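Colleague: Here is a sequence together with a model predicted from it:
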2 protein chains.
Amino acid sequence: MSERRPRKDALRNRAAVFTAADALFADCQSPDSVTMADIAVAAGVGKATLFRAFGDRTGLIRALYAARLEPVRTAVEQGPPPLGPDAEPLVRVPALLDAVLCLKLDNRHLALALEQTGSDSPYGAEYYAWCHTLLRTLLERIPGLPESDFTAHALLAATRADLVEHLAGEQGLPRDEMRARLAGFTARILGAEGTQGHQDTQESS
Amino acid sequence: MSERRPRKDALRNRAAVFTAADALFADCQSPDSVTMADIAVAAGVGKATLFRAFGDRTGLIRALYAARLEPVRTAVEQGPPPLGPDAEPLVRVPALLDAVLCLKLDNRHLALALEQTGSDSPYGAEYYAWCHTLLRTLLERIPGLPESDFTAHALLAATRADLVEHLAGEQGLPRDEMRARLAGFTARILGAEGTQGHQDTQESS
DNA sequence: TGCGAACCGGACCAACGGTCCGTATCGTCG
DNA sequence: CGACGATACGGACCGTTGGTCCGGTTCGCA
């Protein structure tokens, strides 16, 4: 029962908003310099349409980010190693973190917007829960690695959007440099030496 | 030349605002549920006085946090080991991180407010620069630990206010439990086993 | 005691997220 | 094919918040 198909124009408008917002976030100084009104204008719709389609600002940003995250998600859930489920934890963990980092590097403003969206901490978002759970599960399968829950949080904290922005954006740290640093850090946590080698798990943009 | 002493009432009001704001942040649900107007009323002054004394909301929060940080700062800069300058890096690093964590645990709302203050990322704040520089310097003195700059960032990221809030606040992780987790994480990074032992570097409140 | 500078404070402003409601469009049924 | 109800549109509107302005008051020095 219920669950009527939404009207055609509703879908069209939703898509228009989506595209416009994506573009606006892509080239802007600060994520909160792009307002809901801006997006509405750019999409050629009324402001109420935004809110009807996405609930609120947070919802819109989450939706945008979810779209960007989706390829990573499928790559992780059903792709080939090192990201896919067939990879050993010791290689999959770095691959996952690298993928997350790359995603944020490629969508800096969006990630920034997502993580600093006012009072809602990132830790309530669905995407974080997914990431954290997966990472934790992987860490649990690595012998001699206690407190996988906290470790997962701490590792993910090293990819926080504003840190990425600070290093890659303001401080000009090159992309691959940053990936290498994170990989090194991860390797240290994973307990061994020489676990570092990996590359190109993600798009480049 | 110049630099006239500020007037007496100016100082008095500044102090009043300081106290009131501190109290308001201490017991509130969300840090941004305490508005500048609230603070002004609580302090019994006009709103403009707030802005005259602290510039803007960020300035006020920074000032409040700086006051809380100050004891830690002196303990680090001229106190006894393990926090003070005479301690070996291998014990001083965990001590420093533990002190930072304790500070955030004891001033959750304030730390939260500080780190999510709209567009200004924490990485621009003076307190962070201080912390990061010190930590980096210490890490550099530990043999076999490369990329101390990134490592310092990553370790500090594990003490991010919203993570602390998520774990200690929403998830009910006990204080000492959390300290132990962070200590364990740090120890892993520092490269050895058995470097964990330490306690009570900080107030309890 | 008088005078200028410094400061006070609340009315005021602009901007933003979010809502309301009259109107236009869709799509379905006779 | 025409008409009618449901659905979505959109821009005017609202409340809140950070931040400013300016007439009046207080301070502190001579």
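Modeller: Now that the structure is in, tell me what you want to look at. Note that this is a predicted model, so its numbers are computed, not measured.
Colleague: what's in contact with stretch A:105-118?
Modeller: If you take CB atoms under 8 Å, 6 or more residues apart in numbering or on different chains as the criterion, stretch A:105-118 is touched by A:22, A:25-26, A:28, A:30-32, A:57-58, A:61-62, A:64-65, A:68, A:103-104, A:122, A:125, A:160-162, A:164-165, A:168-169, A:175, A:178, A:202-205, B:32, B:116, B:118-119, B:121. C-beta here means a position set from N, CA and C on the backbone, and glycine is covered the same way.
Colleague: near DNA strand C, from these?
Modeller: A:Asp32, A:Arg57, A:Thr58 (CB under 7 Å from any atom of the strand).
Colleague: from memory the first one sits against B:Ser119, does it?
Modeller: Yes - the pair formed by A:Asp32 and B:Ser119 meets the contact definition of CB atoms under 8 Å, at 5.6 Å.
Colleague: what's around A:Arg136, how many residues?
Modeller: Using other CB atoms under 10 Å in any protein chain shown, A:Arg136 has 18 neighbouring residues.
Colleague: go on, A:Ala180?
Modeller: Neighbours of A:Ala180 under the rule other CB under 10 Å: 16.
Colleague: Does anything pack onto the helix or strand where it lies? Which helices or strands?
Modeller: Per DSSP states H and E: A:Ala180 is located in helix A:175-190. Under the contact criterion of 3 or more CB pairs under 8 Å, 6 or more residues apart in numbering or on different chains; DSSP states H and E, helix A:175-190 touches helix A:89-106, helix A:148-157, helix B:148-157, helix B:175-190.
Colleague: tell me which residues of the first one are tucked away?
Modeller: So that's helix A:89-106. A:89-105 (16 or more other CB atoms under 10 Å in any protein chain shown).
Colleague: next SSE after it?
Modeller: helix A:108-115.
Colleague: Contacts (any at all) between DNA strand C and that following helix?
Modeller: No - judged by CB under 7 Å from any atom of the strand, helix A:108-115 makes no contact with DNA strand C; its nearest approach is 9.7 Å.
Colleague: Turn the ones next to DNA strand C among the contacts of stretch A:105-118 into a markdown table, columns for distance to A:Gly44, pLDDT and neighbour count.
Modeller: Output for these, formatted as a markdown table (distance: CB to CB, whole Å; pLDDT from 0 to 100; neighbours: other CB atoms under 10 Å in any protein chain shown):
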| residue | distance to A:Gly44 | pLDDT | neighbour count |
| --- | --- | --- | --- |
| A:Asp32 | 22 | 90 | 16 |
| A:Arg57 | 19 | 96 | 19 |
| A:Thr58 | 23 | 94 | 17 |
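Colleague: ok, the residue in chain A positioned nearest to DNA strand D - how many residues close by?
Modeller: In chain A, the residue that lies nearest DNA strand D is A:Gly46 (1.9 Å; CB to the nearest atom of the strand). Using other CB under 10 Å, A:Gly46 has 12 neighbouring residues.
Colleague: if I look at the spatially closest residue to it that is not a sequence neighbour, how far off is DNA strand C?
Modeller: Once flanking residues are discounted, A:Gly46 sits nearest to A:Ala40: 6.2 Å by CB to CB, 6 or more residues apart in numbering or on different chains. Look at A:Ala40 and DNA strand C: by CB to the nearest atom of the strand, to the nearest Å, they are 9 Å apart.
Colleague: again with A:Arg179
Modeller: For A:Arg179, the distance to DNA strand C - CB to the nearest atom of the strand - is 32 Å.
Colleague: correct me, but A:Ala152 touches A:Arg136?
Modeller: Yes - using CB under 8 Å, A:Ala152 is in contact with A:Arg136, at 4.2 Å.
Colleague: In chain A, spot the helix with the most residues.
Modeller: helix A:57-78 (DSSP state H).
Colleague: Give me the buried stretch members for it, please.
Modeller: Buried residues in helix A:57-78, counted by 16+ other CB under 10 Å: A:57-58, A:60-65, A:68-69, A:72-73, A:75-76.
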